[in-house]
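Q: coords below, sequence missing:
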């Protein structure tokens, strides 16, 4: 049986330029879907999957992200004094215990592979997860938890996979499938950002990974790939055919690309409609503006 996955890397060093001017002073990962920052969704998903150690790969200007996970005794005291126990519980869920969280700086933007490589000394010789907070996944059972359960059967490396239209394949790493077993597929190759007519399948890699420590060894040797960056897919692909083989996992859930403005807005609406305290008012408003739009046509 494979070792338990208890460590996760969160690459959050990006500048978030698509969300300027907001990200001039606020890290993108702190921007809120309804009333929770993007990064909180990622943390909650990791906790549900049994992650105990959280490693953030950051860059200059991310101090607000670090502060977010710290205790705020003054605020907690005020909430306690006013009897706002529900808000106090919500706040406590954002706190991280001393020693559970670590921050590593990525000094140069050399890609996702390089960001993961930066955390190598904290991973050691253990399997680990990688979660990209930009990819928010709404699911009954959190995506990484689904993967951890599947990984207990397969071992090796596992990447979350989602079917995409051929014309969108060039935005993703795409799997070359050797055997399709339903929710799990065995992988014989991975192509980063292929042209639409050269994609080996319509299964794209999404921002959830469970990786063997051998991937870090491969990252030590890899030079820049597609886009002049060190690609994580190249390092994972180097494990194909070894004892740490590579599998894709078709997760159950809806993925939102919160690295784009449209995806962020779609996620905001979807998560708000899932809330009992917001659903009715928002659904009524959406219905009203829909009718107005149709009447204007």
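A: Thanks, I have it. From a predicted model like this one, the values you see are computed outputs, not experimental measurements.

Q: which stretches of the stretch 101-250 of the chain form strands?
A: In order along the chain, the stretch 101-250 of the chain carries the following strands (DSSP state E, counting those that start in this stretch): 101-105, 128-131, 135-138, 157-163, 173-180, 184-192, 203-211, 246-250.

Q: And the first one, what's buried?
A: Buried residues in strand 101-105, counted by 16 or more other C-beta atoms under 10 Å: 101, 103, 104. Yep, even glycine has a C-beta here, placed from its N, CA and C like the rest.

Q: do you know which of the strands of the stretch 101-250 of the chain lies nearest residue 274?
A: Between residue 274 and the strands of the stretch 101-250 of the chain, the tightest spacing by C-beta to C-beta is seen for strand 135-138, at 7.2 Å.

Q: thinking again about what came up before, mind putting the buried residues of strand 101-105 into TSV with distance to residue 2 and pLDDT?
A: Formatted as TSV, the entries for those read as follows, by distance: C-beta to C-beta, whole Å; pLDDT from 0 to 100:
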residue	distance to residue 2	pLDDT
101	25	87
103	28	89
104	25	89
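
Q: Mind picking the one among these that's closest to residue 111?
A: Sorting those by distance to residue 111 puts residue 104 at the head of the list, at 15.2 Å, by C-beta to C-beta.

Q: and that closest one, how far is that from residue 115?
A: When distances are taken as C-beta to C-beta, to the nearest Å, residue 104 and residue 115 turn out to be 9 Å apart.

Q: low-scoring stretches of the protein, by residue?
A: 222-228, 291-297 (pLDDT under 70).

Q: and for residue 104 and residue 115, which residues touch both?
A: In terms of C-beta atoms under 8 Å, 6 or more residues apart in numbering, residue 104 and residue 115 are both contacted by the residues residue 57.

Q: any chance of the buried residues of strand 101-105 in TSV, plus distance to residue 283?
A: Output for these, formatted as TSV (distance: C-beta to C-beta, whole Å):
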residue	distance to residue 283
101	37
103	40
104	43
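
Q: Quick check: nearest residue in space to residue 109, chain neighbours excluded?
A: On the basis of C-beta to C-beta, 6 or more residues apart in numbering, the spatially nearest residue to residue 109 that is not a chain neighbour turns out to be residue 13, at 6.9 Å.

Q: what about the one you found, which SS state?
A: Put simply, residue 13 is coil when judged by DSSP: H, G, I helix; E, B strand; the rest coil.

Q: Go ahead and confirm it touches residue 61.
A: No. With contacts counted by C-beta atoms under 8 Å, residue 13 stays clear of residue 61, the gap being 9.7 Å.

Q: Counting neighbours around each, name which of these two comes out higher.
A: Neighbour totals were compared for residue 13 and residue 61, and residue 13 leads with 24 against 15 (other C-beta atoms under 10 Å).

Q: For that one, which residues are in contact?
A: Residue 13 makes contacts with 57, 58, 59, 62, 105, 106, 109, 115, as judged by C-beta under 8 Å, 6+ apart.

Q: can I assume the last one is in contact with residue 107?
A: No. The pair residue 115 and residue 107 does not pass the contact test of C-beta under 8 Å, sitting 11.0 Å apart.

Q: Thank you, goodbye.
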